[in-house]
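Undergrad: heads up, no residue letters with this:
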């Protein structure tokens, strides 16, 4: 079992950048890791995922070229670098861990953090 704690959210203007971090209590090298987000009144959606060794990544189309997911297994930390932020990126961002297969479905992920708020203003 692993516990996840996100940080790094905040208020930023359009075009700005934020870097989210997710600190894990256990060894994240055992898990595929992902970022999801949930805007008010909407379902929780996939944003990005990275394989156990970091050799494979997948992104939501709308964030490709702007967001970068990375991991430091030695520090048991997952990151999401977000550049060129848009108003529609406003959401609570969640870190998640999957001990199963690599994938973008929420059902793949058994462990979740409590989220960090990202607000993009004009």
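TA: Received, thanks. Keep in mind the model is a prediction, meaning the values are calculated, not measured.
Undergrad: name the element the nearest residue to residue 72 once chain neighbours are set aside belongs to?
TA: Excluding the flanking residues, the one nearest residue 72 by C-beta to C-beta, 6 or more residues apart in numbering is residue 79, at 7.5 Å. The C-beta positions use only the backbone N, C-alpha and C, and glycine is treated the same way. Applying DSSP states H and E as the criterion places residue 79 in strand 77-82.
Undergrad: name every strand pairing with the helix or strand harbouring residue 19 and say which way it goes.
TA: Residue 19 belongs to strand 18-24 when elements are defined using DSSP H and E. According to DSSP bridges, strand 18-24 forms sheet pairs with strand 4-7 (antiparallel), strand 77-82 (antiparallel).
Undergrad: export the ones you listed as CSV, with columns for distance to residue 113.
TA: Below are the strands paired with strand 18-24 laid out as CSV (distance: least, C-beta to C-beta, whole Å):
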stretch, distance to residue 113
strand 4-7, 4
strand 77-82, 10
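Undergrad: which of those sits most buried?
TA: When the strands paired with strand 18-24 are scored by mean count of other C-beta atoms under 10 Å, the highest mean neighbour count falls to strand 77-82 (a mean of 22).
Undergrad: helix or strand right after that strand?
TA: Next helix or strand after strand 77-82 toward the C-terminus (DSSP H and E): strand 91-98.
Undergrad: elements contacting that following strand?
TA: strand 4-7, strand 18-24, strand 32-38, strand 111-112, strand 116-121 (3 or more C-beta pairs under 8 Å, 6 or more residues apart in numbering; DSSP states H and E).
Undergrad: no further queries at this time; thank you.
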